[in-house]
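Enquirer: build me a model from this:
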Amino acid sequence: MQLGSWKIIYDPVSYSDMVIKTINPTTEEVLAQYNVITKEELDKKIVKSKKAFSDWKKDIKRRSDFINIFADVLRKNKQQLALTATKEMGKAIKESLSEVEKCAWVMEFYADNSETFLHDESINTDARKSFIAFEPIGVIGSIMPWNFPYWQALRFAAPSLMAGNTVVLKPASATMQCGIEIENMFLKAGIPEGVFQTAIADSTMAEQLIDSVNAVTFTGSNMAGSKVAQRATSKIKKCVLELGGSDPFIVCSDADAEKASTGAVKGRFINCGQSCIASKRFFVTKNLAKEFIEKFVQKTEKLKVGDPTSEDTDIGPMVNSAGLEKIEELVKDAVDKGAEVLAGGKRMNGKGYFYSPTILGNVTPKMRMAQEEAFGPVAPVTIVEDEMEAIRLANESQFGLGGSIWTQNLDKADKLSRLVESGLVAVNNVVVSDPRIPFGGVKQSGFGRELSRYGMLEFVNIKSVRFYDQLTVQHHVE
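Expert: Model (predicted):
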């Protein structure tokens, strides 16, 4: 799919005559059709957001009350919201329910903590009084993906709204109804119209959105992210990019194989492997390789693949046929170059975009699987001599989002965690996003941070103010 000259990866959708069709990846049936808004309609949304901003920014306690109400609304409508996500992108229903619950948590976290995060900071200078103020900057454009359609939109929106900004969301075309439901939930909570709006827009309107807002946040592929950054910076606008990842999963020589193998299943196969912070490259020291791999395979083969609306399903379909074909290509390339299929390794029969949970052994750096982001249920395993070889291979990647290290030696964990080139590292656990800590990457995984106080400060004006009794005349440099 093209966005002007932008190629957007993994944005599954059918277009014709300015109509977006969403497809149920389980049944391959059309779920709904949406008329794309016009440029004039998008302009009206931006104007509405700007008007809402002038009042919304005034009272943080009022914002906190509204956001807490919104969290309650999310919980009351959790079943409906979860089913919508499951139908649109194939997420197992138990994961969809968990996603909505996590969204309620992030809203409450910022409702409860933002006043502290944004409190003026007093500074000692030569002036009588000096302080730093944190002020909202206006309308923020949010261009979001399909794989966590509620969480990725709201983990950005929560701090931005509490800072006093307003938001216009362009959801992924595959999960358009999820984006619409977010706005509906805000309106149910009584939040003033224009504070949060969803634009039923295709990717060709992204440039107009960027041009119209005060700043922009984007989550998606690094190729599309580079275009967002170019457009935003050409207009002197702040942007935050959360892009792809190919997170290493390092099993040290002293790791607990039972715990590490359980973590490997969780880290690789969450959301059918369609997560930017999923564990995507597995490096296992040779002394532990046999035990770890055997347990990893055994646990992977117990996963239940099927109807994602069933509560006992672990893995649903991939989001679309293009994603399924890409995974098939990567597995074929690896096998052709010497990889061994230890589990799965094939498309599943019948309707829907299902691929069996797969583990590949004998994976080497020359394989595409080791170089590209594998956005699906495939775990490539490489056996290494020691931890330092694992670190070297882990860092031989264009990505630097997250990584996990498994060891019972915390001194070793401290040393190795500082050597991994990434924005996040988890020791003896998989990488997860958490409102309390900053989230983001380095290298081709993007720049800027989401979540925590650091994420909130991405979209505020950090203003320095100093009060003097008289003109200071001694300085000769600006």
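
Enquirer: my guess is residue 270 meets residue 95, correct?
Expert: Yes - shown here, residue 270 and residue 95 form a contact pair, counting by C-beta atoms under 8 Å, at 7.0 Å. Every residue, glycine included, has its C-beta placed from N, CA and C.

Enquirer: give the contact list for the residue positioned nearest the centre of the chain.
Expert: Using C-alpha atoms, centre = their mean, the residue of the chain that lies closest to the mean C-alpha position is residue 152, 5.2 Å off. Taking C-beta atoms under 8 Å, 6 or more residues apart in numbering, we find residue 152 in contact with 144-145, 219, 242.

Enquirer: what distance separates the start and the end of stretch 338-346?
Expert: Using C-alpha to C-alpha, to the nearest Å, the end-to-end distance of stretch 338-346 comes to 17 Å.

Enquirer: for that stretch, buried residues please.
Expert: 339, 341-345 (16 or more other C-beta atoms under 10 Å).

Enquirer: and the contacts of it?
Expert: By C-beta under 8 Å, 6+ apart, the residues outside stretch 338-346 that reach it are 293, 297, 300-301, 331, 335, 355-364, 367, 369, 377-378, 380-381.

Enquirer: run the last query once more with 10 Å
Expert: Residues external to stretch 338-346 that are found in contact with it (C-beta atoms under 10 Å, 6 or more residues apart in numbering): 293-294, 296-301, 303, 305, 328, 331-335, 355-364, 366-367, 369-370, 377-382.

Enquirer: for ChimeraX, write the select line for the buried members of these.
Expert: In ChimeraX syntax, the buried subset of these is picked out as below (16+ other C-beta under 10 Å):
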select :293,296,297,299,300,303,305,328,331,334,335,355,356,357,358,359,360,361,362,363,367,369,370,377,378,379,380,381,382
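
Enquirer: just the contacts of stretch 338-346: which are in helices?
Expert: 293-294, 296-301, 328, 331-335, 369-370 (DSSP state H).

Enquirer: give the burial count for residue 470, as a bare number.
Expert: 6 (other C-beta atoms under 10 Å).

Enquirer: and it, what is it in contact with?
Expert: Contacts of residue 470 by C-beta under 10 Å, 6+ apart are residue 128.

Enquirer: swap in residue 39?
Expert: Neighbours of residue 39 in contact, by C-beta under 10 Å, 6+ apart: 201, 204-205, 208, 212.

Enquirer: change it to 7 Å
Expert: residue 208 (C-beta atoms under 7 Å, 6 or more residues apart in numbering).

Enquirer: same check on residue 273?
Expert: Each residue near residue 273 by C-beta under 7 Å, 6+ apart is listed here: 375-378.

Enquirer: ok, now residue 101?
Expert: Here residue 101 is in contact with residue 78 (criterion: C-beta under 7 Å, 6+ apart).

Enquirer: are we agreed that it is in a helix?
Expert: Yes - Residue 101 forms part of a helix when assessed by DSSP: H, G, I helix; E, B strand; the rest coil.

Enquirer: measure it to residue 251 for me?
Expert: Per C-beta to C-beta, to the nearest Å, residue 101 is found 31 Å from residue 251.

Enquirer: repeat for residue 68
Expert: From residue 68 to residue 251 the distance is 42 Å (C-beta to C-beta).

Enquirer: same thing with residue 304?
Expert: On the measure of C-beta to C-beta, residue 304 and residue 251 end up 25 Å apart.

Enquirer: ditto for residue 463
Expert: Taking C-beta to C-beta, one finds residue 463 at 48 Å from residue 251.

Enquirer: what about residue 19, neighbour count?
Expert: 12.

Enquirer: do a quick rundown of the helices in the stretch 351-478 of the chain.
Expert: Applying DSSP state H, counting those that start in this stretch to the stretch 351-478 of the chain gives helices spanning 368-371, 387-395, 410-419, 452-456.

Enquirer: can you list the domains in this structure?
Expert: As assigned by automatic domain parsing, the chain contains the domains 2-243+445-464, 247-427.

Enquirer: now, the contacts of residue 152 that are in strands?
Expert: 219, 242 (DSSP state E).

Enquirer: by mean pLDDT, which helix or strand of this protein comes out lowest?
Expert: strand 2-3 (a mean of 34; mean pLDDT, DSSP states H and E).

Enquirer: the residue nearest to the centre of the chain sits in which helix or strand?
Expert: Per DSSP states H and E: residue 152 is located in helix 151-162.

Enquirer: tell me the first helix or strand C-terminal of that helix.
Expert: Heading C-terminal from helix 151-162 (DSSP H and E), you reach strand 166-170.

Enquirer: in the host helix or strand of residue 182, which residues are buried?
Expert: Remark: residue 182 resides in helix 176-188, with elements defined by DSSP H and E. The neighbour-count check on helix 176-188 (16+ other C-beta under 10 Å) flags 176-186, 188 as buried.

Enquirer: over to stretch 128-138?
Expert: In stretch 128-138, counting by 16+ other C-beta under 10 Å, buried: 130-131, 134, 136-138.

Enquirer: ok, those residues vs residue 256, which is closest?
Expert: Of all these, residue 256 sits closest to residue 134, with 43.6 Å by C-beta to C-beta.

Enquirer: what distance do you get for the closest one to residue 103?
Expert: 24 Å.

Enquirer: show the end-to-end separation of stretch 73-80, please.
Expert: OK, stretch 73-80 end separation, C-alpha to C-alpha: 12 Å.

Enquirer: buried residues in that stretch?
Expert: 73-74, 77-78.

Enquirer: ok, residues contacting it?
Expert: Residues lying outside stretch 73-80 but in contact with it, judged by C-beta under 7 Å, 6+ apart, are 97, 100-101, 103-104, 185, 188-189.

Enquirer: possible to save those as CSV with distance to residue 84?
Expert: Converted to CSV, the contacts of stretch 73-80 look like this (distance: C-beta to C-beta, whole Å):
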residue, distance to residue 84
97, 12
100, 10
101, 15
103, 13
104, 16
185, 11
188, 15
189, 18
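
Enquirer: let me have these in a markdown table, extended by distance to residue 316 and pLDDT.
Expert: What follows is the contacts of stretch 73-80, written out as a markdown table (distance: C-beta to C-beta, whole Å; pLDDT from 0 to 100):
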| residue | distance to residue 316 | pLDDT |
| --- | --- | --- |
| 97 | 13 | 98 |
| 100 | 16 | 98 |
| 101 | 19 | 98 |
| 103 | 20 | 98 |
| 104 | 23 | 98 |
| 185 | 24 | 98 |
| 188 | 28 | 98 |
| 189 | 30 | 98 |
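
Enquirer: pick out the most distant pair among these.
Expert: 97 and 189 (19.7 Å).

Enquirer: chain center to stretch 228-243, what's the gap?
Expert: How far stretch 228-243 lies from its chain's middle: 17 Å, per C-alpha atoms, centre = their mean, to the nearest Å.

Enquirer: using PDB, write out every CA atom in that stretch.
Expert: The C-alpha trace of stretch 228-243 is given here as PDB (Å, rounded to 0.1, in the frame of the first residue of the first chain):
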ATOM      1  CA  VAL A 228       6.600  10.700   9.000                       C
ATOM      2  CA  ALA A 229       9.800  12.100  10.400                       C
ATOM      3  CA  GLN A 230      10.700  13.800   7.200                       C
ATOM      4  CA  ARG A 231       7.300  15.400   6.800                       C
ATOM      5  CA  ALA A 232       7.100  16.500  10.400                       C
ATOM      6  CA  THR A 233      10.600  18.000  10.700                       C
ATOM      7  CA  SER A 234      10.200  19.700   7.300                       C
ATOM      8  CA  LYS A 235       7.300  21.600   9.000                       C
ATOM      9  CA  ILE A 236       9.400  22.100  12.200                       C
ATOM     10  CA  LYS A 237       7.100  19.800  14.200                       C
ATOM     11  CA  LYS A 238       7.900  17.500  17.000                       C
ATOM     12  CA  CYS A 239       7.500  13.800  16.400                       C
ATOM     13  CA  VAL A 240       7.900  10.500  18.300                       C
ATOM     14  CA  LEU A 241       8.500   7.300  16.500                       C
ATOM     15  CA  GLU A 242       7.900   3.800  17.900                       C
ATOM     16  CA  LEU A 243       9.000   1.500  15.100                       C
END
